[in-house]
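Q: Need a 3D model of the sequence below.
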Amino acid sequence: MKRTPKVVVMLFCIASPRLKWGLGLQRYAAFSSLSTSLASKLKDPSLVPSLVRSDGDSHGETFGVYDPGASARQFKDGSALIGKVRRMGRGDAKNAIERANSALSDWKDGTTASHRSAVLSKWSSLIKENADDIATIMTMESGKPLHESMGEVTYGTSFIDYYAAEVIRPSGAGGGFIVPTPFTHLGETTPRGRVMAINEAVGVVSLITPWNFPIAMITRKAAPALGVGCAVVLKPSELTPLTALRAGVPDGIFEVITADKEVKEVGEELCSNPIVKKISFTGSTPVGKLLMKHCSDSVKRLSLELGGNAAFVVFEDADIDLSVNAAILSKFRNAGQTCVCADRFIVHRSIEKEFVSRLLEKTNQLKVGHGTSDGVTMGPLISSSAVEKLTKRVNEAIKEKARCVTGGNAIPESGPQYFEPTILTNVNPDSSIFSTETFGPVVAITTFDTEKEAILIANNTTSGLASYFCTNDMSRVFRFSALLENGIVGVNEGIISTASAPFGGVKESGLGREGSALGINEYLETKYVFLNV
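A: Below you'll find the model as predicted:
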């Protein structure tokens, strides 16, 4: 396949009669330099530009991006550094918002839905052509195994493809509906006028994305936003900014802010600036609550995909092998660092021994190591503080009489950010490892005797993102899924996210939905027009 050089600055290079199609991110590039260790792994190192804009707050300052899978020696001698990124501040965020607002009208009103659909399709194609390099960059900055990064590239582009098709439908911008009028001419029964509803792009939107899915969380938000005619200001995680800057766009339509020291100040600007009409955030529940407060003064629209604490229930009639395979996929993907990872394993007492035995067998087959190494199925945690936090929680659970079947320790010989795949049984449901989001490779198991007991344990949390259960009883499938207080439920399966399904939580796990036809509504306003004609 023919490679497309400079994909980072040419992803949106389709001609438009009204838009000035420049080399979008080339003018506003956030990178300062790329390490030799990372560049040597890429087929096309030019994917990462080395241009710095001089306006704003940064004054040429940069911050480092590090390989979480590096050894202690590499962190000490500096070779864990894989790149330096421009450090931006509140002034940069304000400038980006103003540029987006200046470009909005031509993008929103000067292009057709078909044109924006074609732009999205081109973006998807160029990412796919450079999938190997993008996956390598993702693995080097997030730590996940290379096969998972390749899977995320596919997953991420699936949202672009989906919304490239969706934006040209009546549900997109410019679409809507006409319904019969309830009004009549005075003294008559003859209908008067028409009732019309029109979908319109919200305007400038800010997207704040996490480190654990550095491309998919961007495409899941940006594709519908761009497709309906919004201008986007993106703030990716400071831990994984390299993957985030894969796309170049028309000037102003897709702005990117990279910040580490002034993350709070940048967030406040995105939330308080009246130009921004909507915030979409994926991250922790405490930060989501803070953003809600900041957005309240200007009454912004919000989409929040916040923390989870997923239950994984295994009933006595479940297929044990199928249940174990689902558990492995749900728990150990990205070293347990996803918001929909199974955290609380609730297993029927009669099958606990068999389930744990087979789960242990599968867990022992996991190969922990650097994500670029052959055969590795689980990488490191994102930071040494994450390892410390997880170690503390595991030790607390053991002191509370939990039994450690396997693992339970950090792996310092591999690096300061590795942790063993761990299975704990006899876990107290009130313990920290069970009652709060783990974000690590720990299976915490408690048991139950009745279905009523299982639902009480599963719903005993302020979170409500995802849950899973395994059974062969079809009546139970419908009964139990209806009782679960979650936005997403997986039955006999551990990975259920897809572009065509709505993704989102209830309770303190967030607001709104991403993916599916519902996801496009998050970036649209509906205007009612009465036509007295």
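Q: Now N212: closest residue in space, sequence neighbours ignored.
A: Q337 (5.0 Å; Cβ to Cβ, 6 or more residues apart in numbering). Heads up, the C-betas are built off the backbone N, CA and C, glycines and all.
Q: Now do that neighbour against S105, distance only.
A: Q337 is 40 Å from S105, where distance means Cβ to Cβ, to the nearest Å.
Q: list the contacts for G369?
A: G69, G375, V376, M378, G379, S414 (Cβ atoms under 8 Å, 6 or more residues apart in numbering).
Q: Pull out the buried members of those.
A: G69, V376, M378, G379, S414 (16 or more other Cβ atoms under 10 Å).
Q: Mind checking which of those land in strands?
A: Among the buried ones among the contacts of G369, no member falls in strands (DSSP state E).
Q: Now tabulate those in CSV and tack on pLDDT and distance to G407.
A: Shown next, in CSV, are the buried ones among the contacts of G369 (pLDDT from 0 to 100; distance: Cβ to Cβ, whole Å):
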residue, pLDDT, distance to G407
G69, 97, 18
V376, 98, 16
M378, 98, 11
G379, 98, 15
S414, 96, 13
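Q: Can I get those residues in JSON lines including distance to V491?
A: What follows is the buried ones among the contacts of G369, written out as JSON lines (distance: Cβ to Cβ, whole Å):
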{"residue": "G69", "distance to V491": "34"}
{"residue": "V376", "distance to V491": "30"}
{"residue": "M378", "distance to V491": "25"}
{"residue": "G379", "distance to V491": "29"}
{"residue": "S414", "distance to V491": "36"}
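Q: Looking at those residues, spot the one nearest V313.
A: Closest approach to V313 among the buried ones among the contacts of G369 (Cβ to Cβ): M378, at 23.9 Å.
Q: Hmm, the closest one is touching F332, no?
A: Yes: at 5.6 Å, M378 and F332 qualify as touching, with contact defined as Cβ atoms under 8 Å.
Q: picking up where we left off before, who has more neighbours out of Q337 and S105?
A: Remark: of Q337 and S105, Q337 carries more neighbours, 24 against 13, as counted by other Cβ atoms under 10 Å.
Q: Tell me how far the more buried one lies from T240.
A: Applying Cβ to Cβ to Q337 and T240 gives a distance of 12 Å.
Q: With A444 instead?
A: Look at A444 and T240: by Cβ to Cβ, they are 27 Å apart.
Q: Looking at those two now, which is surrounded by more residues?
A: Higher neighbour count among A444 and T240: A444, with 29 against 25, using other Cβ under 10 Å.
Q: tally of neighbours for the closest residue to the more buried one other than its chain neighbours?
A: In space, and not counting its chain neighbours, A444 is closest to V427: 4.5 Å by Cβ to Cβ, 6+ apart. By other Cβ under 10 Å, 24 other residues sit near V427.
Q: so can I have TSV of the contacts of G369 showing distance to A326?
A: Formatted as TSV, the contacts of G369 follow (distance: Cβ to Cβ, whole Å):
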residue	distance to A326
G69	27
G375	22
V376	21
M378	17
G379	21
S414	27
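Q: follow-up on the earlier one: would you agree the residue nearest to A444 is in contact with T447?
A: No: at 9.4 Å, V427 does not count as touching T447 under the criterion of Cβ under 8 Å.
Q: and the nearest residue to A70 once chain neighbours are set aside, how far is that from G267?
A: Of all residues not flanking A70 in the chain, A80 sits nearest, at 3.5 Å (Cβ to Cβ, 6+ apart). From A80 over to G267 the distance is 27 Å, taken as Cβ to Cβ.
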